[in-house]
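**Student:** for reference, the sequence and a predicted model appear below.
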Amino acid sequence: MNKWVTSIPERLSYGLSDAADNLVFQMMTMYLLFFYTDVFGLTPNEVAILFVVARTADVFESLLIGVMIDHTHSKWGKSRPFFLWFSFPYVVFAILTFVTPGFLPHSGKLIWAYVTYLGLGFFYTAVNLPITSILPTMTENEKETTLLGVIRQFFGSSVQIIVATFTIPLVAFFGKGDQQKGFLLTIALFGLISLILILNTFFHVRERYTNDEINHQPLSEVWNMMKQNKPWMVISIVIFLYWMTTAIKNQTIIYYFKYVLKNEGMVSLANSFTLTALIGVVSIYYVSGKIGKKHTMLSGIATAFIGQLIITIAAYTENMPILFVGIFVNSIGNGFIIGLVSIMIADTIRYGTAMGIQAEGVLASTDDFGVNLGLGLGGLVTAESLQLTGYVSNKPQSATTISAINLNFAIIPLALYVIMFLILLAYNENKIQDKIKEITN
């Protein structure tokens, strides 16, 4: 067994990197659609097109950043310098995205939204992808890798809950009735904290395990390895489906409470129940040690499905207490799923290394690729369904629009969990572990 090599400060700093990114990322996934339609002043159709364009660009940006990482030569390593280089522009564009330029005509505001949102997507990828790509270079110990992944997701999920629970109250506190001002000051606060935490990660984490003989390989060789790396393909699809599910559900919840239950003020309380995701996250280290990572994630998907089924029943009966129970159960399952993503990607990176190609940047890009594609299509589904059913912001909605909100909030995520489960069955964990042992023993 390989020895443990990371210190406690390094483990905490690595975990806080995901907390830093989630301060902005969760604002984007949960509230940006609402911000654009009800605060900024865009139509759902304009936002839908923007999301598709941005996420399409992000798909290519993920690969670009991955290639950049794999071809980076610096005294700090390949992944680590990206935290230093791109943290400041990331935070600047996050703040600019939530600026409402009232001095511009509608067309000018639309251009502003495109420039800032596209820029934010690029710089998010530049600071987030290295979190995944650096993991397999920090240690060769499988249990230590799992622990680092759990710590990362614990902090990431904790911040997700903080953003979900406190964003609307902070907007109200800072804005005092002015949501434009409230959203701007809230993201400024989150952005400052994010900048400090990303720089902290740069100063404390280390890349230790690289193989110069198979490092910095031509893209054609990397592509050939990727085509043979079937576990990587499987987990990539699961990541995409998970984030599509998350985008559709998270972007719809505020519309559900505002227009179906007519109780927007309860959104923060509902989101606070996602705290139970931490139960799934902190259980990963123990459960995966007993039944393996694949079966742990399958259990998580099954749990999330059961929770979503409860949410569906509650959504159509407008039963708020049962809805909270569903969110509680669903979030536990989601904690298992998202907590295992970076850990299982690290395994597929090591699997690729065992095949003779070390390309942690490109292989890790599947995480951001899946996030961006999933968010893009999820945002498209949500925004277009509102547009097609005649949604009008801040007005009572038609029965058709209410049906679309219920469909997005309940039924579509339910179906996507089933597809996720079936796809993951093709993941061959034993084959990966046997191959990894060949290069670590």
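**Tutor:** Thanks, I have it. A quick note: this is a predicted structure, and the numbers were derived from the prediction, not measured.
**Student:** so where is the stretch 151-300 of the chain shaky, pLDDT-wise?
**Tutor:** By pLDDT under 70, the weakly predicted segments of the stretch 151-300 of the chain are 211-218.
**Student:** change it to 90
**Tutor:** Low-confidence segments of the stretch 151-300 of the chain, defined by pLDDT under 90, are located at 153, 156-158, 160-162, 164-165, 168, 177, 208-233, 247, 249-278, 289.
**Student:** can you pull out the helices in it?
**Tutor:** Here the stretch 151-300 of the chain has its helices, by DSSP state H, counting those that start in this stretch, at 179-204, 219-228, 230-255, 267-272, 277-291, 293-317.
**Student:** comparing those, which comes out most buried?
**Tutor:** Highest mean neighbour count among the helices of the stretch 151-300 of the chain (mean count of other C-beta atoms under 10 Å): helix 230-255, with a mean of 23. C-beta coordinates here come from the backbone N, C-alpha and C atoms, glycine included.
**Student:** tell me what that helix is packed against?
**Tutor:** With contacts defined as 3 or more C-beta pairs under 8 Å, 6 or more residues apart in numbering; DSSP states H and E, the secondary structure elements packing on helix 230-255 are helix 8-34, helix 267-272, helix 320-354, helix 360-388, helix 412-424, helix 429-440.
**Student:** residues in contact with the most centrally placed residue in the chain?
**Tutor:** When C-alpha atoms, centre = their mean is applied to the chain, the residue found nearest the centroid is residue 371 (5.5 Å). Contact criterion C-beta atoms under 8 Å, 6 or more residues apart in numbering gives 128, 239, 243 as the residues in contact with residue 371.
**Student:** list the contacts of the last one.
**Tutor:** By C-beta under 8 Å, 6+ apart, residue 243 lies in contact with 370-371, 373-375, 378.
**Student:** nearest spatial neighbour of residue 12, chain-adjacent residues omitted?
**Tutor:** Leaving aside its sequence neighbours, residue 12 sits nearest to residue 151 (C-beta to C-beta, 6 or more residues apart in numbering; 7.0 Å).
**Student:** quick check: closest non-adjacent residue to residue 374.
**Tutor:** Counting by C-beta to C-beta, 6+ apart, residue 374 lies nearest to residue 243, which is 2.9 Å off, once chain neighbours are set aside.
**Student:** likewise residue 52?
**Tutor:** Nearest to residue 52 is residue 380, by C-beta to C-beta, 6+ apart, at 5.2 Å.
**Student:** quick check: that neighbour vs residue 295, distance?
**Tutor:** For residue 380, the distance to residue 295 under the criterion C-beta to C-beta, to the nearest Å works out to 33 Å.
**Student:** same check on residue 185?
**Tutor:** Taking C-beta to C-beta as the measure, residue 185 and residue 295 are separated by 45 Å.
**Student:** and if you look at residue 263?
**Tutor:** Residue 263 is 39 Å from residue 295, by C-beta to C-beta.
**Student:** now do residue 190 against residue 276, distance only.
**Tutor:** When distances are taken as C-beta to C-beta, residue 190 and residue 276 turn out to be 23 Å apart.
**Student:** oh sorry, the question was meant for residue 382
**Tutor:** Distance from residue 382 to residue 276, by C-beta to C-beta: 24 Å.
**Student:** those two: which is more packed in?
**Tutor:** For residue 382 against residue 276, the residue with the higher neighbour count under other C-beta atoms under 10 Å is residue 382, and the figures read 27 against 21.
**Student:** what's near enough to touch the closest residue to the more buried one other than its chain neighbours?
**Tutor:** Using C-beta to C-beta, 6+ apart and skipping residues adjacent in sequence, the residue nearest residue 382 is residue 251, 4.8 Å away. Counting by C-beta under 8 Å, 6+ apart, residue 251 touches 29-30, 33-34, 378-379, 382, 408.
**Student:** distance to residue 307 and pLDDT added to those residues, as a markdown table?
**Tutor:** Formatted as a markdown table, the entries for these read as follows, by distance: C-beta to C-beta, whole Å; pLDDT from 0 to 100:
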| residue | distance to residue 307 | pLDDT |
| --- | --- | --- |
| 29 | 19 | 78 |
| 30 | 18 | 81 |
| 33 | 23 | 85 |
| 34 | 23 | 88 |
| 378 | 18 | 87 |
| 379 | 23 | 79 |
| 382 | 20 | 87 |
| 408 | 17 | 93 |
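**Student:** of those, closest to residue 113?
**Tutor:** Distance to residue 113 across the contacts of residue 251 (C-beta to C-beta) is lowest for residue 33, with 11.7 Å.
**Student:** ok, and the closest non-adjacent residue to that closest one?
**Tutor:** Taking C-beta to C-beta, 6+ apart, and ignoring the residues beside it in sequence, residue 33 has residue 251 as its nearest neighbour in space, at 4.6 Å.
**Student:** got phi/psi on the spatially closest residue to residue 42 that is not a sequence neighbour?
**Tutor:** Nearest residue to residue 42, sequence neighbours excluded (C-beta to C-beta, 6+ apart): residue 36, at 4.6 Å. Phi and psi for residue 36, reported as degrees, to the nearest 10, are phi -60, psi -40.
**Student:** mind pulling up the pLDDT for residue 36?
**Tutor:** Reading off the confidence values, residue 36 has pLDDT 93.
**Student:** what is the burial count for it?
**Tutor:** Using other C-beta under 10 Å as the criterion, the residues surrounding residue 36 number 26.
**Student:** pretty sure it contacts residue 48?
**Tutor:** No: checked against C-beta atoms under 8 Å, the pair residue 36 and residue 48 is beyond contact range at 10.1 Å.
**Student:** how close does residue 105 get to residue 206?
**Tutor:** Shown here: residue 105 relative to residue 206, a distance of 51 Å by C-beta to C-beta.
**Student:** what about those two, which has more around it?
**Tutor:** With neighbours defined as other C-beta under 10 Å, residue 105 and residue 206 compare such that residue 206 has more, 16 against 9.
**Student:** contact partners for residue 205?
**Tutor:** Contacts for residue 205 (C-beta under 8 Å, 6+ apart) come out as 10, 13-14, 17, 80, 134, 138.
**Student:** can you list phi and psi of it for me?
**Tutor:** The main-chain torsion angles of residue 205 are listed as degrees, to the nearest 10 and equal phi -90, psi 160.
**Student:** from the chain's centroid, how far away is stretch 73-93?
**Tutor:** 19 Å (C-alpha atoms, centre = their mean, to the nearest Å).
**Student:** in that stretch, which residues are buried?
**Tutor:** For stretch 73-93, burial by neighbour count (16 or more other C-beta atoms under 10 Å) applies to 77-87, 90-93.
**Student:** verify the stated contact: residue 170 with residue 183.
**Tutor:** No: with contacts counted by C-beta under 8 Å, residue 170 stays clear of residue 183, the gap being 9.1 Å.
**Student:** could you tell me how many residues sit around residue 11?
**Tutor:** Residues contacting residue 11 under the criterion other C-beta under 10 Å number 21.
**Student:** can you tell me how far it sits from residue 149?
**Tutor:** When distances are taken as C-beta to C-beta, residue 11 and residue 149 turn out to be 11 Å apart.
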